[in-house]
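[1] with the sequence up front, the predicted model follows.
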Amino acid sequence: MKSVKAFVSILIFSLYSTIAIAGQVKVQKAPTDTTSKEINYTEETFFSNRVVNGQSTEGIAQNRLDFRVEHRFGLISDGYYQFFGLDQAFTFFGLEYGIKDWWMVGINRSWTDKTVEGYTKLSLLRQCTGSKNVPLSVSLMVGTSVIGIKYNDPVRNNDFNARVSYTTQILVARKFSDTFSAQLSPVWIHRNIIPSVTDNNDLFALGIAARYRLTPTLSLNGEYYPVINPSEYQKKNYKNSLSFGFDIETAGHVFGIVLSNSNDMIEKNFVGETTGNWMKGNIHLGFNILRKFDL
C-alpha cells in the first residue's frame, strides 16, 4: 500500500510539474491569434507511436495499418567472439491499426518467453492552439501479455492465469518547439506470477522520454524507466531500462537505430526485467522498422 501511495504522489507531482512548465514555455511558431475559430493541432510530437522501446502519446490515423519489426542483438560487451553481439538475435513483431484517429489497437509477439501482447491506446487530450488551447497531449495505454514458454518445473502453477500480466500506462507529452519534445510515462505492471517470493507482483515505474529533432527527417530519442518500488529481488537481479535511438523518417517508413540495456520491447519485460548494466558495457545494438499502410 505504501508503494501505491508513493506512486500516486509522484504521478500527481509529475503531472503538476509538467503542466506548470508547459504553461511557461511557448511552442515555436504557435499562432498568436487566440480568437481564431480554427484549432491547430500539434503534429509529430514523436515520429511514431513509440519513443524507443516504450510507447509515446502518438497514435495511428484511422484506417491505417502499421507493421513493426524490432530487433536487438546480443551484448556489445561479449566482444569479438560473439562479434560484439551481432551473432545473437532477439526479435519482436507487431501489427497496429487505427480504428479512429484517437483510438488504436495492436498485437505483438516477442521472443522473450514467447510472449504475445494485445493492447489498446486512447488519445485523451491533444496539444493544440487556436480557438482551443491545450498545452499537453495525454494518452492512455492498457495491455495484456501472455507468456507461451513451456514451464520446466512440474510443481509450479502452470494454469493460464499464471502466464498473464497486465500493463496500464498514462502518457503525458508536450512538443515545446519544432525540435524538442518531452514525455512523462508513469506505468503500472501487474504480474500474476513472479520469479521469487521476495519480488513484487506489482511494479510502478515513472518513464521519462525526450526527442530532439536534428533535421526534418532525423531525430535523437532517449527514454529511462526507473522502477520506484523495487523489491530486494528486483534490486539484486534487474536494472532500470535506459535506451537511446535515432529515428529516420522516410516515405511510409520510420527506421530506428537503437542502443539499450534491454533486449526486449514489451513493457512487462523491459520495465521490470532488464538485466543489462550500462556501466559494465551490457548494451544491445538494435533497430526498429515501421512500415505504414493506408487502407
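    Nice, I can see it.

[2] and the helices in the stretch 151-295 of the chain, which stretches?
    Counting by DSSP state H, counting those that start in this stretch, one finds helices in the stretch 151-295 of the chain at the ranges 232-237, 267-272.

[3] what's in contact with the first one?
    Read that as helix 232-237. 194-196, 198-200, 203, 227, 272, 275 (Cβ atoms under 8 Å, 6 or more residues apart in numbering). C-beta coordinates here come from the backbone N, C-alpha and C atoms, glycine included.

[4] buried subset of the residues you listed?
    194, 199-200, 203, 227, 272 (16 or more other Cβ atoms under 10 Å).

[5] please look at residue 71 and residue 86 and confirm they touch.
    No. Here residue 71 lies out of contact with residue 86, judged by Cβ atoms under 8 Å, at a distance of 10.8 Å.

[6] those two - which one has more neighbours?
    residue 71 (19 against 12; other Cβ atoms under 10 Å).

[7] let me see the contact set for that one.
    89-92, 286-288 are the contacts of residue 71 under Cβ under 8 Å, 6+ apart.

[8] ok, the residue nearest in space to the middle of the chain - contacts?
    Geometric centre of the chain, nearest residue: residue 54, 1.1 Å, by Cα atoms, centre = their mean. Residues near residue 54 by Cβ under 8 Å, 6+ apart: 185, 207, 209, 223, 225, 267, 270-271.

[9] ok, residue 166 next?
    Here residue 166 is in contact with 142-145, 189-190 (criterion: Cβ under 8 Å, 6+ apart).

[10] can you list these in TSV and add pLDDT and distance to residue 37?
    Converted to TSV, the contacts of residue 166 look like this (pLDDT from 0 to 100; distance: Cβ to Cβ, whole Å):
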residue	pLDDT	distance to residue 37
142	98	35
143	97	38
144	96	42
145	96	45
189	97	43
190	96	45
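
[11] quick check, nearest of those to residue 215?
    Nearest to residue 215, judged by Cβ to Cβ, of the contacts of residue 166 is residue 143 at 32.8 Å.

[12] surely the closest one and residue 117 touch.
    Yes. Counting by Cβ under 8 Å, residue 143 does reach residue 117; the two are 5.6 Å apart.

[13] rounded mean pLDDT for stretch 103-122, please.
    Per-residue pLDDT values over stretch 103-122 give a mean of 95.

[14] great, nothing more from me.
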